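Asks: coordinates for the following, if possible.
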Amino acid sequence: MAAGISPTPLSHSEVVEAMAQSGKNMAQLIETFIADNSEDSECCSCAHCMAEFGGFKL
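Replies: Residues are numbered from 1 along each chain as shown. Just a heads-up that it's a prediction; the model follows:
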């Protein structure tokens, strides 16, 4: 539950619990992303990914 979504105010412990779960979810997301993309590092085409949209310019 997030602030503003619950019909009742959240307690401090509920917020801390939700933050802990979010941290675990984010860590799992990052670990999965790294694992899924580690083999692609040798043939990375990142520099060319935005070409179809006109490239990337700073």
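Asks: buried ones in stretch 5-20?
Replies: Leu10 (16 or more other Cβ atoms under 10 Å). To be clear about C-beta, it is placed using only N, CA and C from the backbone, and glycine gets the same treatment.
Asks: so which residues of the protein form helices?
Replies: 12-37 (DSSP state H).
Asks: so where's it uncertain?
Replies: In the predicted model, the chain carries pLDDT under 70 at residues 1-4, 38-47, 55-58.
Asks: switch the cut-off to 80
Replies: Where the chain drops to pLDDT under 80, the residues are 1-4, 6, 37-58.
Asks: number of nearby residues for Ser22?
Replies: For Ser22, the count of nearby residues is 11 (other Cβ atoms under 10 Å).
Asks: quick check: it vs Ser6, distance?
Replies: 15 Å (Cβ to Cβ, to the nearest Å).
Asks: kindly report the same for Glu14.
Replies: Separation of Glu14 from Ser6 (Cβ to Cβ): 8 Å.
Asks: again, but for Lys24
Replies: 21 Å.
Asks: how about Asn37?
Replies: Relative to Ser6, and taking Cβ to Cβ, Asn37 is found at 36 Å.
Asks: how about Val15?
Replies: Separation of Val15 from Ser6 (Cβ to Cβ) stands at 10 Å.
Asks: what does Glu52 give?
Replies: 43 Å.
Asks: just Gly54 next, same as before
Replies: 43 Å.
Asks: Ala20 too?
Replies: The value you get for Ala20 to Ser6, if Cβ to Cβ is used, is 17 Å.
Asks: ok, now Glu17?
Replies: Going from Glu17 to Ser6 by Cβ to Cβ gives 13 Å.
Asks: same question, His12
Replies: Look at His12 and Ser6: by Cβ to Cβ, they are 14 Å apart.
Asks: same check, this time on Gln21
Replies: On the measure of Cβ to Cβ, Gln21 and Ser6 end up 15 Å apart.
Asks: ok, now His48?
Replies: According to Cβ to Cβ, His48 stands 45 Å off from Ser6.
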